[in-house]
Every structure is written in C-alpha cells, then in structure tokens.
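Undergrad: sequence and computational prediction follow.
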Amino acid sequence: MGFSDDERFSFDKEEIDWQPQRSQDALEGPYRDVYLNHLDLAVVLTQWAKNVRELPDYGDSKRYDGYADALDEVAAHLRQADYVPGNGEIPA
C-alpha cells in the first residue's frame, strides 16, 4: 500500500530540482508503480536522515551530517523521478 499522497509529497520542493510536469509524467506513465515506490522510499530515507541528525547514537556529528546529506540527496533524486525508466537517468 505504501504511504499516502500527503506523506509522499510532503517535502520542501524549493530545496530540490522539482519539476511538477516530470512528476506528473511519471505518475501518468507506464512506470507509475515504480515512481510511487520511489516516493515511498524517499519518505523513509528522509526520516532516516532526520534520525541521523537528531539521535546521539550516531556519534561524530560532522561525519554523520555528511551521511544524512547523502540520504537526502538520494531521496531528492527519487522524488524528481530521476530513476524512473524513460523519465530520467534510467532508459526505458
């Protein structure tokens, strides 16, 4: 089932290369389920990044800030439909 659309699209679109038409194309295209899965993964990765930044269990904050930034970067690419076949980096 995944997350709700509210959860999937609850992120700061100003902080990424957000292109609404690209997202719409992915939602209406043959790989809709793939994109919805990517949006679900992005929710999880964003929460993981937040936990890394907020929980003291991760140790050295400078090292783990970079780790959290990397998680956020992958989540951004997933939201931007970069990994949907034919819509970004992956050929159809």
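TA: Okay, I see it. What you are looking at is a predicted structure, and each value in this text was computed from that prediction instead of being measured. Residues are numbered from 1 along each chain as shown.

Undergrad: so residue 89 sits against residue 83, correct?
TA: Yes. Residue 89 is within contact range of residue 83, at 6.0 Å (criterion: C-beta atoms under 8 Å). In this view, the C-beta of every residue, glycine as well, is placed from N, C-alpha and C.

Undergrad: anything in contact with each of the two?
TA: residue 77 (C-beta atoms under 8 Å, 6 or more residues apart in numbering).

Undergrad: higher neighbour count, these two?
TA: Legend: neighbour count by other C-beta atoms under 10 Å for residue 89 and residue 83, higher for residue 83 (18 against 11).

Undergrad: that one in helix, strand or coil?
TA: Of the three states, residue 83 takes coil under DSSP: H, G, I helix; E, B strand; the rest coil.

Undergrad: over to the one 3 residues further on?
TA: Reduced to three states with three-state DSSP, the structure at residue 86 is coil.

Undergrad: so for it, what's the pLDDT?
TA: Residue 86 carries a pLDDT value of 85.

Undergrad: next, count neighbours for it.
TA: A count of nearby residues for residue 86, using other C-beta under 10 Å, gives 13.

Undergrad: I'd say it and residue 29 touch.
TA: Yes. Residue 86 is within contact range of residue 29, at 7.2 Å (criterion: C-beta under 8 Å).

Undergrad: need the overlap of contacts for these two.
TA: In contact with both residue 86 and residue 29: no residue, using C-beta under 8 Å, 6+ apart.

Undergrad: SS state for the residue most central in space within the chain?
TA: With distances taken as C-alpha atoms, centre = their mean, the chain has residue 75 as the residue nearest its mean C-alpha position (2.5 Å). Three-state call for residue 75 (three-state DSSP): helix.
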